[in-house]
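Participant: Next comes the sequence, and after it the predicted model I'd like to discuss.
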Amino acid sequence: MNGMFGPKTLSAKEGEYFGLYTEILLRKEDQVQWSFEGKILATGMNRDLTKTSYGDDERFRDRIELDHRRGDLLFTKAKTSDTGVYHLEVSSCKRTTIHREYTLTVLENTENESETVEIPVSSQEDVGGVDEQEMMS
(Lines give C-alpha, C1' and ligand atoms only; values in the text may rest on other atoms or scores of the structure.)
Protein backbone atom coordinates (compact mmCIF):
# COMPACT_ATOMS: atom_id res chain seq x y z
CA MET A 1 0.00 0.00 0.00
CA ASN A 2 1.31 3.44 -0.91
CA GLY A 3 0.58 6.60 1.05
CA MET A 4 -0.61 8.91 -1.74
CA PHE A 5 -2.15 12.21 -0.79
CA GLY A 6 -3.91 14.66 -3.08
CA PRO A 7 -1.74 17.25 -4.81
CA LYS A 8 -0.97 20.41 -2.89
CA THR A 9 -1.19 23.69 -4.77
CA LEU A 10 1.14 26.46 -3.63
CA SER A 11 2.26 29.86 -4.83
CA ALA A 12 5.21 32.09 -4.03
CA LYS A 13 6.44 35.46 -5.25
CA GLU A 14 9.64 35.80 -7.20
CA GLY A 15 12.58 36.42 -4.86
CA GLU A 16 10.85 34.98 -1.77
CA TYR A 17 12.12 32.24 0.53
CA PHE A 18 9.68 29.32 0.54
CA GLY A 19 9.45 25.62 1.23
CA LEU A 20 7.64 22.51 0.10
CA TYR A 21 6.72 20.97 3.44
CA THR A 22 6.34 17.20 3.91
CA GLU A 23 4.44 17.30 7.23
CA ILE A 24 6.33 14.09 8.08
CA LEU A 25 8.73 13.46 10.94
CA LEU A 26 11.49 11.34 9.40
CA ARG A 27 12.64 8.11 10.97
CA LYS A 28 16.25 7.00 11.10
CA GLU A 29 15.89 4.57 8.17
CA ASP A 30 13.86 6.83 5.85
CA GLN A 31 15.03 7.84 2.41
CA VAL A 32 13.73 11.08 0.87
CA GLN A 33 13.68 11.91 -2.82
CA TRP A 34 12.40 15.11 -4.46
CA SER A 35 12.02 15.38 -8.24
CA PHE A 36 10.94 18.05 -10.71
CA GLU A 37 10.07 17.48 -14.38
CA GLY A 38 11.31 13.90 -14.14
CA LYS A 39 14.73 14.91 -12.77
CA ILE A 40 15.92 14.19 -9.26
CA LEU A 41 16.47 17.44 -7.36
CA ALA A 42 17.53 16.16 -3.97
CA THR A 43 17.87 12.87 -2.12
CA GLY A 44 18.68 12.14 1.47
CA MET A 45 19.16 9.06 3.63
CA ASN A 46 18.93 8.62 7.39
CA ARG A 47 17.05 10.92 9.69
CA ASP A 48 19.82 13.48 9.83
CA LEU A 49 20.21 13.29 6.04
CA THR A 50 23.95 12.79 6.43
CA LYS A 51 23.99 11.38 2.93
CA THR A 52 22.39 14.15 0.91
CA SER A 53 22.90 14.83 -2.78
CA TYR A 54 21.43 17.42 -5.09
CA GLY A 55 20.61 16.92 -8.75
CA ASP A 56 22.48 18.53 -11.61
CA ASP A 57 19.70 20.91 -12.72
CA GLU A 58 21.49 24.27 -12.86
CA ARG A 59 18.25 26.20 -12.20
CA PHE A 60 18.37 25.14 -8.58
CA ARG A 61 22.10 25.39 -7.91
CA ASP A 62 22.82 26.80 -4.45
CA ARG A 63 19.13 27.65 -3.90
CA ILE A 64 17.70 24.46 -2.40
CA GLU A 65 18.34 22.36 0.67
CA LEU A 66 16.69 19.50 2.51
CA ASP A 67 15.47 19.96 6.06
CA HIS A 68 17.15 17.22 8.09
CA ARG A 69 14.20 16.44 10.38
CA ARG A 70 11.28 16.45 7.98
CA GLY A 71 12.72 16.25 4.48
CA ASP A 72 11.18 19.58 3.48
CA LEU A 73 12.58 21.07 0.27
CA LEU A 74 13.61 24.66 1.03
CA PHE A 75 14.27 27.34 -1.58
CA THR A 76 16.30 30.42 -0.70
CA LYS A 77 15.02 32.55 -3.59
CA ALA A 78 12.02 31.77 -5.78
CA LYS A 79 12.30 32.13 -9.56
CA THR A 80 9.50 31.95 -12.12
CA SER A 81 11.33 28.98 -13.67
CA ASP A 82 10.58 27.06 -10.43
CA THR A 83 6.91 26.87 -11.49
CA GLY A 84 5.81 23.27 -12.03
CA VAL A 85 5.01 19.95 -10.39
CA TYR A 86 7.29 18.53 -7.68
CA HIS A 87 7.17 14.92 -6.49
CA LEU A 88 8.18 13.66 -3.07
CA GLU A 89 8.86 10.05 -2.16
CA VAL A 90 9.68 8.94 1.38
CA SER A 91 10.49 5.26 1.75
CA SER A 92 12.05 2.76 4.12
CA CYS A 93 11.83 -0.92 4.93
CA LYS A 94 9.76 -0.16 8.05
CA ARG A 95 7.19 2.26 6.63
CA THR A 96 4.70 2.44 3.80
CA THR A 97 6.15 4.45 0.91
CA ILE A 98 4.72 7.95 0.94
CA HIS A 99 4.17 9.82 -2.32
CA ARG A 100 3.17 13.46 -2.49
CA GLU A 101 2.75 15.91 -5.34
CA TYR A 102 3.12 19.68 -5.08
CA THR A 103 2.08 22.10 -7.82
CA LEU A 104 3.96 25.35 -7.44
CA THR A 105 3.36 28.65 -9.20
CA VAL A 106 5.94 31.40 -8.77
CA LEU A 107 4.43 34.77 -9.54
CA GLU A 108 6.44 37.61 -11.01
CA ASN A 109 7.32 40.29 -8.53
CA THR A 110 5.25 43.21 -9.78
CA GLU A 111 6.90 45.74 -7.50
CA ASN A 112 9.20 48.08 -9.37
CA GLU A 113 12.65 47.15 -8.15
CA SER A 114 14.23 50.43 -9.19
CA GLU A 115 14.07 53.16 -6.60
CA THR A 116 12.94 56.65 -7.51
CA VAL A 117 15.00 59.40 -5.92
CA GLU A 118 13.65 62.92 -5.91
CA ILE A 119 16.26 65.65 -6.36
CA PRO A 120 15.11 69.16 -5.50
CA VAL A 121 15.60 71.83 -8.16
CA SER A 122 18.22 74.36 -7.03
CA SER A 123 17.58 78.07 -6.99
CA GLN A 124 20.37 80.64 -7.42
CA GLU A 125 20.86 80.84 -3.64
CA ASP A 126 21.39 77.05 -3.45
CA VAL A 127 24.45 77.08 -5.71
CA GLY A 128 26.78 77.89 -2.83
CA GLY A 129 27.14 81.63 -3.33
CA VAL A 130 27.90 81.38 -7.06
CA ASP A 131 25.29 82.91 -9.30
CA GLU A 132 24.15 81.41 -12.57
CA GLN A 133 26.13 83.92 -14.69
CA GLU A 134 29.45 82.96 -13.03
CA MET A 135 28.77 79.24 -13.55
CA MET A 136 28.33 79.71 -17.31
CA SER A 137 31.64 81.56 -17.79
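Facilitator: Now that the structure is in, tell me what you want to look at. These figures come from a predicted structure and were not determined experimentally.
Participant: max-length strand in this protein?
Facilitator: Using DSSP state E, we find that the single longest strand of the chain is strand 95-107.
Participant: what comes up buried for it?
Facilitator: 98, 100, 102, 104, 106 (16 or more other CB atoms under 10 Å). Where you see a C-beta, it was placed from the backbone N, CA and C, and this is true even at glycine.
Participant: show me the contacts for the fourth one.
Facilitator: Leu104 is in contact with 10-12, 20, 82-86, counting by CB atoms under 8 Å, 6 or more residues apart in numbering.
Participant: thinking again about what came up before, name every strand pairing with the longest strand of the chain and say which way it goes.
Facilitator: Here strand 95-107 has these sheet partners by DSSP bridges: strand 3-4 (parallel), strand 8-13 (parallel), strand 84-92 (antiparallel).
Participant: I figured Ala42 hits Arg63, correct?
Facilitator: No - judged on CB atoms under 8 Å, Ala42 makes no contact with Arg63 at a distance of 11.2 Å.
Participant: re the thing from before, what mean pLDDT does the longest strand of the chain get?
Facilitator: Predicted confidence along strand 95-107 averages 92 (mean pLDDT).
Participant: Tabulate the strands paired with strand 95-107 (a markdown table), appending mean pLDDT and distance to Gln33.
Facilitator: As requested, the strands paired with strand 95-107 are arranged in a markdown table below (pLDDT from 0 to 100; distance: least, CB to CB, whole Å):
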| stretch | mean pLDDT | distance to Gln33 |
| --- | --- | --- |
| strand 3-4 | 54 | 14 |
| strand 8-13 | 93 | 17 |
| strand 84-92 | 94 | 5 |
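Participant: Would you mind finding the most buried of these?
Facilitator: Comparing these by mean neighbour count (mean count of other CB atoms under 10 Å), strand 84-92 ranks first with a mean of 17.
Participant: any idea how far that strand is from the chain center?
Facilitator: Counting by CA atoms, centre = their mean, to the nearest Å, strand 84-92 is centred 17 Å from the centre of its parent chain.
Participant: contacts for that strand?
Facilitator: By CB under 8 Å, 6+ apart, strand 84-92 touches 7, 20, 22, 24, 26-27, 29-37, 41, 71, 73, 97-104.
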